[in-house]
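Participant: prediction below, plus the sequence it came from.
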Amino acid sequence: ELTLLVFEAMKSTHDTDGNTITFNIALKRLAKQGQTAACEGIIIGMLEAGIEPNVVTYTTAVGACVKAMDSVKAYEWLRRMRSRNVGPNFHTYNTALASCLDGSLEGSQRGSLIAEEMMQDVDNELIEGLKGPTDYASVIPDKYTKVLARKLLKQLRENWRSGDIEMQVAKLTVRVALKALVDFDRSEEATKIQKQRDAMDL
């Protein structure tokens, strides 16, 4: 509440609706508290003021979902940002993956879906090249991505041990994309894509 009061005071005192930076600062405070609805309100306020949210804005909103352990909302933010032509980067994906570490089968399944989408974006980046600064545009998994994928694999093992999913089904479905993230190697993936492109040219 204090963040929103300060934000409103700034708007009236300085007679400005703010800019992306001021909105992102307010958003970060709310995200640290896991206030997903308030984060959504800030982003709606940005759009109403004609200020387009950027990848930092959306990643911060996804961060609120980690604190709230709400992977459904985190996945929704990935969808919304794409609808506004803002591509997630590896920070966004890492944050969304972290929101799935809630111990549930649904969290494991959503983590797998996010991992699958990340790998599709990785393949696109390797084919088309990077568009924009590396820190803000790249989706190439980092060490933390692999740590999160391993944690999600461990969570999935707990899901099948507790009888939430059959082991064979888990291995053939949910585990596949998570394992792909753990095993990701940039040069191997680039070689695989090149072979696929060569085969298509024949």
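Facilitator: Sure, I can see it. Residues are numbered from 1 along each chain as shown.
Participant: tell me how far Leu152 lies from Leu178.
Facilitator: Separation of Leu152 from Leu178 (Cβ to Cβ, to the nearest Å) stands at 5 Å. (C-beta placed from N, C-alpha, C; glycine too.)
Participant: same check on Gln194?
Facilitator: 25 Å.
Participant: pull out the buried positions in stretch 49-69.
Facilitator: Buried residues in stretch 49-69, counting neighbours by 16 or more other Cβ atoms under 10 Å, are found at 51, 53-69.
Participant: on that earlier part again, who's more crowded, Gln194 and Leu178?
Facilitator: Neighbour totals were compared for Gln194 and Leu178, and Leu178 leads with 26 against 12 (other Cβ atoms under 10 Å).
Participant: tell me the average confidence for the helix or strand containing Ile127?
Facilitator: According to DSSP states H and E, Ile127 maps onto helix 105-128. Helix 105-128 shows an average pLDDT of 95 in the prediction.
Participant: show me the contacts for the residue nearest to Ala31 when sequence neighbours are not counted.
Facilitator: In space, and not counting its chain neighbours, Ala31 is closest to Ala64: 3.9 Å by Cβ to Cβ, 6 or more residues apart in numbering. Shown in contact with Ala64 (Cβ atoms under 8 Å, 6 or more residues apart in numbering): Leu30, Ala31, Gln33, Gly34, Gln35, Thr36, Cys39.
Participant: please apply the same query to Thr36.
Facilitator: Neighbour list for Thr36: Ala61, Ala64, Cys65, Ala68, Asp70, Lys73 [criterion: Cβ under 8 Å, 6+ apart].
Participant: change it to 6 Å
Facilitator: Contact analysis of Thr36 by Cβ atoms under 6 Å, 6 or more residues apart in numbering lists Ala64, Cys65, Ala68, Lys73.
Participant: ok, the residue lying closest to it once chain neighbours are set aside to Val86 distance?
Facilitator: Among residues not flanking Thr36 along the chain, Ala64 sits closest, at 4.7 Å (Cβ to Cβ, 6+ apart). Distance of Ala64 to Val86, given as Cβ to Cβ: 17 Å.
Participant: re the thing from before, in helices only, show me the buried residues of stretch 49-69.
Facilitator: 55-68 (DSSP state H).
Participant: and Gly163, helix, strand or coil?
Facilitator: Secondary structure, DSSP: H, G, I helix; E, B strand; the rest coil: Gly163 is coil.
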